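Q: Below: sequence and its predicted model.
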Amino acid sequence: MTTRATEIWVGIFVAAGLAALFMLAMKVSNLASYSGDEGYEVSARFEDVSGLKVRSPVTMSGVRIGRVKQIDFDDQALQAVVVMEIEPHHNLLPKDTSASIYTAGLLGEKYVGLEAGGDEQNLVQGDEIKLTQDSLVLEKLIGQFVSKFMTEAGSGDK
Amino acid sequence: MLDSLQLLGRKGLEFFQRLGRGHLLLLQVLAGLPGLFLRFGLVIKQIYAVGVLSLVIIVVSGVFVGMVLGLQGYNTLVDFGAEESLGVVVALSLVRELGPVVTALLFAGRAGSALTAEIGLMKATEQLSAMEMMAVDPVRRVLAPRFLAGFISMPFLAAIFSAVGILGGYFVGVGLLGVDDGAYWSQMQDKVDMYDDINNGIIKSLVFGVVVSWIAIFEGNDAIPTSEGVSRATTRTVVHSALAVLGLDFILTALMFGE
């Protein structure tokens, strides 16, 4: 009888442990939002992708439809090449979709925002997005602002 | 001068002898593990002793650690208007660090010390020698099931600790302080990664399970067979386990989240 009670308790213990693991996996982590099947890949070239990381979100109209899969540097064109994996059920994006790198909030993380064009044909595996806009670098912006401010202040003195 | 050198040498030799005995014992225990699957009842009994009976302290500590994290995190985050990130703060600190580490420390105090005292007393009352007289290998019969039980229990305990802690943080943050319910979970799901965070936490708790169980059975088996020796061995188990867990945690964190 004691062994039976012991075994039942151990069974409860293991079940509670597995339930906790299941909760961590499904409720706490992002495992639930992984789609099992592979999406299709499209690439885009940018002059500046600073701040963008692998697994950063790719959104359209603010809805996440994929993730950045790979970031490379093209030695010939001297540009950054971003490969994005779009979820397979979002397969009706027009061919002339444009891609920009935005910041979530003022200091938040970077993400790729797609904007639809009007082409009849759709993007498919291996396509490249031609229209791109670079990442906004806050330091550069402040630098431009400061230098502009300085020249204006200088010309005002004359 | 020569005397102090001799003392240093003796201490050094003793240290390395203990280290060697510890590793030899670990090898013997590991060699005894496959045979355990034929007599899994022994392991289940030990899982009951080290796992199920530790459940109360793990759950209570988990709830309170989660509640404190919720309270402190909220007080800091609310200054930046970022109290919606409370779920991320609570979940990441629990899953990555506090879950495995605090569980291992509590486990060393609750179960490791009990293992050492039990094995040490078995040695002091010559039960282990009696087993050998009957041609029963005490390493396979007594030590290996306890080691395996500790190894199996630790990740479950750590997972329960983290899960209960997140619920504790939810209770304080959402229930008492008024953080938005949906934001608590959705921000958490957005930022906590299954492979980077949760798997690494489980790997940590597996490593701690091996180390704490190993130290506990080694100290018990290596205890001087007197009442004083057993009490010293029990103390050493808790102290050495805590030091090993905290040191290893730093190394594991540097390896996992270092880049």
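A: Structure's in. What do you need? Numbering: from 1, shown residues only, chains lettered A, B, ... in the order given.

Q: Below-threshold pLDDT in chain B: ranges please.
A: By pLDDT under 70, the low-scoring segments of chain B are B:259.

Q: Residue numbers of it in contact with chain A?
A: Residues of chain B lying close to chain A by Cβ under 8 Å from any Cβ of the partner chain are B:41, B:44-45, B:47-48, B:51-52, B:55, B:91, B:95, B:153, B:155-157, B:159-160, B:162-164, B:166, B:185, B:188-190, B:192-194, B:197-198, B:202. (Each C-beta comes from the backbone N, C-alpha and C, glycine too.)

Q: What's the PyMOL syntax to select whichever of the residues you listed are buried?
A: Applied in PyMOL, the following selects the buried portion of the residues of chain B next to chain A according to 16 or more other Cβ atoms under 10 Å in any protein chain shown:
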select buried, chain B and resi 44+45+47+48+51+52+55+91+95+153+155+156+157+159+160+162+163+164+166+185+188+189+190+192+193+194+197+198+202
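
Q: In terms of helices and strands, where is the one residue in chain B that gets nearest to chain A?
A: Residue nearest to chain A within chain B (Cβ to the nearest Cβ): B:F156, separated by 2.7 Å. Element membership for B:F156 (DSSP states H and E) is helix B:144-170.

Q: elements contacting that helix?
A: Counting contacts by 3 or more Cβ pairs under 8 Å, 6 or more residues apart in numbering or on different chains; DSSP states H and E, helix B:144-170 packs against helix A:2-23, helix B:2-36, helix B:40-50, helix B:55-77, helix B:86-92, helix B:99-107, helix B:113-124, helix B:200-222.

Q: returning to that earlier point: and the nearest residue to the residue of chain B closest to chain A once chain neighbours are set aside, how close does it get to B:L55?
A: If the residues on either side of it in the chain are set aside, B:F156 comes closest to A:G17, at 2.7 Å by Cβ to Cβ, 6 or more residues apart in numbering or on different chains. Counting by Cβ to Cβ, to the nearest Å, the gap from A:G17 to B:L55 is 10 Å.

Q: what's the overlap in contacts for the two?
A: B:157, B:160 (Cβ atoms under 8 Å, 6 or more residues apart in numbering or on different chains).

Q: picking that back up, my read: the residue of chain B closest to chain A touches A:A15, true?
A: No - the pair B:F156 / A:A15 is not scored as a contact, 9.6 Å apart, by Cβ atoms under 8 Å.

Q: Show me the domain layout of chain A.
A: Domain ranges of chain A: A:1-32, A:40-144, per automatic domain parsing.

Q: in chain B, which residue is closest to the centre?
A: Central residue of chain B (Cα atoms, centre = their mean): B:A104, 2.3 Å from the mean position.

Q: Phi, psi for A:T103 please.
A: Backbone geometry at A:T103, expressed as degrees, to the nearest 10, gives phi -110, psi 130.

Q: so what's it up against?
A: When contacts are counted by Cβ under 8 Å, 6+ apart, A:T103 touches A:51, A:109-111, A:135-136.

Q: at 6 Å instead, please
A: By Cβ atoms under 6 Å, 6 or more residues apart in numbering or on different chains, the contact set of A:T103 is A:K110.

Q: before we move on, back to that, what's the closest of the helices and strands packed on helix B:144-170 to B:D181?
A: Closest to B:D181 of these, according to Cβ to Cβ: helix B:86-92, at 9.9 Å.

Q: give the contact list for the nearest residue to B:V90 once chain neighbours are set aside.
A: Using Cβ to Cβ, 6+ apart and skipping the chain neighbours, the partner closest in space to B:V90 is B:G169 (3.5 Å). Neighbouring residues of B:G169 by Cβ under 6 Å, 6+ apart: B:66, B:69-70, B:90.

Q: Which of these has the largest number of neighbours?
A: B:V90 (32 neighbours; other Cβ atoms under 10 Å in any protein chain shown).

Q: Give me the contact list for stretch A:60-74.
A: The contact list for stretch A:60-74 (Cβ under 6 Å, 6+ apart) reads A:39, A:54-58, A:80-87, A:90, A:114.

Q: Where is pLDDT lowest across these?
A: Ranked by pLDDT, the contacts of stretch A:60-74 bottom out at A:R55, which scores 76.

Q: could you list every residue that touches that one?
A: Per Cβ under 6 Å, 6+ apart, neighbours of A:R55: A:R67.

Q: In three-state terms, label it for me.
A: Under DSSP: H, G, I helix; E, B strand; the rest coil, A:R55 falls in the coil class.

Q: where does it fall, phi/psi-wise?
A: phi 80, psi 10.

Q: where does chain A dip in pLDDT?
A: A:1-2, A:31-37, A:106-107, A:156-158.

Q: Could you list the contact residues of it toward chain B?
A: A:6-7, A:9-10, A:13, A:16-17, A:20-21, A:23-24, A:28-31 (Cβ under 6 Å from any Cβ of the partner chain).

Q: which among these end up buried?
A: Buried among the residues of chain A next to chain B by 16+ other Cβ under 10 Å: A:6, A:9-10, A:13, A:16-17, A:20-21, A:23-24, A:28-31.

Q: tell me which element A:F73 is part of?
A: Going by DSSP H and E, A:F73 is in strand A:63-74.

Q: Just give me the residue right at the centre of chain A.
A: Centre-nearest of chain A using Cα atoms, centre = their mean is A:P57, 2.0 Å out.

Q: What distance do you get for that one to A:H90?
A: Taking Cβ to Cβ, one finds A:P57 at 13 Å from A:H90.

Q: Now do stretch B:84-93: distance to the chain's middle.
A: 23 Å (Cα atoms, centre = their mean, to the nearest Å).

Q: cool, and stretch B:152-166?
A: Distance of stretch B:152-166 from its chain centroid, counting by Cα atoms, centre = their mean, is 11 Å.
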